[in-house]
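> No sequence on hand, only this structure:
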């Protein structure tokens, strides 16, 4: 192949980013492209569609970007004077929430127990919130293959391709400008440290006071696009808030859940002003997380019991199961849990399951029987009775109450 050395060099860079690039001929099996995901889920027929896309759709001097129905991204292009197609991927542009995974499973009519496999698959893929650097590398390869940046085009199969964001030219700073720049950085760092301290202690009033000054911050302009610049600072804040919540005693299980949700919200914001509002929401949400889920004040056995219940809501739970899992006497665990939390284990399990049910009904369109199953209650009728006892309405009535009324 004429460009073997260049392609090997690109493949080496992509490998460092945990990205795979394969050169495929029309008759090559495509199961390896998605690491066998479709085969694992019993969707092997879908490989034919991928083959059609990679070989029938491609035209010369064109780079394609594709997002499949799993939300996985691919970049591919046909090599000049070759029958082979270079395929880069899969990758993600945002972490998938638990609710999105469940809705994907239901939409594809897959068994609910495949949700864990799909979630593990997503966790194994690299995430590029900003694909600009990735596309810049592919663009450089395109110039090598076809002569210049004007000699080829980039087509997004889902939406019109956006131009690459260019960084502003750097220039030397005068001593006065340097002092001002350092002062801005110090103000921002002091602000961030104050925020992290307040969030880690769950001081909601102090957080409210801090967030009232967000709009006055002078964000460092690392990108030419103001929206991208503000989104990047949102990402920084999300990372700092993760650390603050962990410092406050919140287990990483809870932190990862809220962090993933905000990673998606950040990318969906349309204006810098929306991003500023979101930063304030993030501060308050992480603070509430510390106040609600901090478990460092409990003994180790109770901490382990709380986490086991959180992570196994869809499975069999109860005093005997927990006692066996933690290798403790049931009577000892029951007394210790009630003494430290003020609730019995059964009360806590039911409370968790009903809160999870409320969340799923509000954030997904899953069928009620599937919501019940995911909450560890196989009997949909019994689930409905528990839900009504807790909230005064049936699950369907609750979901209907969320729908906008005519004329609103």
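On my side now, so go ahead. Every value quoted in this text rests on a predicted model; they were computed, and no experiment measured them.

> and residue 287, how many neighbours does it have?
Residues lying near residue 287 (other CB atoms under 10 Å) number 28. The way it works is simple: take the backbone N, C-alpha and C, and place the C-beta from them, glycine included.

> Then the one 4 residues further on?
With neighbours defined by other CB under 10 Å, the count for residue 291 comes to 15.

> Okay, and it sits in which element?
helix 272-293 (DSSP states H and E).

> So for that helix, what gets flagged as buried?
Within helix 272-293, the residues that qualify as buried are 272, 274-276, 278-280, 282-283, 285-287, 289-290, 293, counting by 16 or more other CB atoms under 10 Å.

> For residue 82, see how far away the residue found closest to residue 81 once you drop the neighbours it is linked to in the chain is.
The shortest distance from residue 81 to any non-neighbouring residue, by CB to CB, 6 or more residues apart in numbering, is to residue 2 (6.7 Å). Remark: distance between residue 2 and residue 82 (CB to CB, to the nearest Å) = 8 Å.

> How about residue 379?
When residue 379 is compared with residue 82 (using CB to CB), they lie 59 Å apart.

> Same question for residue 17.
24 Å.

> domains in the protein, as residue ranges please.
4-156, 175-293, 300-402 (automatic domain parsing).

> What's the mean pLDDT across the shortest one?
Think domain 300-402. Domain 300-402 shows a mean pLDDT of 91.

> That domain: end-to-end distance?
In domain 300-402, first residue to last residue: 40 Å (CA to CA, to the nearest Å).

> swap in the longest one?
Domain 4-156 has its terminal residues 26 Å apart, counting by CA to CA.

> mean confidence score for that domain?
86.

> just how off-centre is it within its chain?
18 Å (CA atoms, centre = their mean, to the nearest Å).

> now swap in stretch 258-267 and tell me
The answer for stretch 258-267 is 6 Å, by CA atoms, centre = their mean.

> could you give me the average pLDDT of that stretch?
pLDDT averaged over stretch 258-267 gives 88.

> Not counting its own residues, what contacts that stretch?
93-97, 127, 129, 231, 234-235, 238, 241-242, 245, 275, 278, 282, 285-286, 289 (CB atoms under 8 Å, 6 or more residues apart in numbering).

> Recalculate using a threshold of 7 Å.
Applying CB atoms under 7 Å, 6 or more residues apart in numbering, the contact partners of stretch 258-267 are 94-95, 97, 129, 231, 234-235, 238, 242, 278, 282, 285-286, 289.

> Closest one of these to residue 307?
residue 289 (14.8 Å; CB to CB).

> Spit out the contact partners of that closest one.
245, 250, 254, 258.

> ok, now how distant is it from residue 244?
10 Å.

> Export the contacts of stretch 258-267 to TSV and append columns for distance to residue 331.
Putting these into TSV (distance: CB to CB, whole Å) gives the following:
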residue	distance to residue 331
94	47
95	42
97	39
129	50
231	53
234	49
235	48
238	43
242	38
278	48
282	43
285	38
286	38
289	33
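
> all strands of the protein, in order?
Secondary structure of the chain (DSSP state E): strands at 21-24, 62-67, 73-78, 85-91, 153-156.

> quick one, which of these is nearest to residue 366?
strand 62-67 (22.7 Å).

> tell me what the closest one is packed against?
strand 73-78, strand 153-156 (3 or more CB pairs under 7 Å, 6 or more residues apart in numbering; DSSP states H and E).

> okay, the ones you listed, which one's buried deepest?
strand 73-78 (a mean of 22; mean count of other CB atoms under 10 Å).

> That one vs strand 85-91, what angle?
Per axes from the mean of the first three to the mean of the last three CA atoms, to 10 degrees, the angle that strand 73-78 makes with strand 85-91 is 170 degrees.

> elements contacting strand 73-78?
Checked by 3+ CB pairs under 7 Å, 6+ apart, strand 73-78 has strand 62-67, strand 85-91 packed alongside it.

> Try it again at 10 Å.
On a contact count with 3 or more CB pairs under 10 Å, 6 or more residues apart in numbering; DSSP states H and E, strand 73-78 meets strand 21-24, strand 62-67, strand 85-91, helix 132-146, strand 153-156.

> Need the ones you listed in TSV (columns: distance to residue 388).
Listed next are the helices and strands packed on strand 73-78 as TSV, based on distance: least, CB to CB, whole Å:
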stretch	distance to residue 388
strand 21-24	53
strand 62-67	41
strand 85-91	43
helix 132-146	50
strand 153-156	47
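
> and among those, the most buried is which?
Highest mean neighbour count among the helices and strands packed on strand 73-78 (mean count of other CB under 10 Å): strand 85-91, a mean of 23.

> List the neighbouring strands of that one plus their orientation.
Next to strand 85-91 in the sheet, as set by DSSP bridges, lie strand 21-24 (antiparallel), strand 73-78 (antiparallel).

> okay if I get these as CSV plus distance to residue 152?
Shown next, in CSV, are the strands paired with strand 85-91 (distance: least, CB to CB, whole Å):
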stretch, distance to residue 152
strand 21-24, 17
strand 73-78, 8
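
> Skipping adjacent residues, who's closest to residue 257 in space?
residue 98 (7.0 Å).

> Hmm, that neighbour is touching residue 364, no?
Yes - taking contacts as CB atoms under 10 Å, residue 98 lies within contact range of residue 364: 9.3 Å.

> list residues touching both of the two?
Shared contacts of residue 98 and residue 364 (CB atoms under 10 Å, 6 or more residues apart in numbering): residue 374.

> number of nearby residues for residue 239?
12.

> so what's it up against?
259, 263.

> pLDDT score for it?
87.
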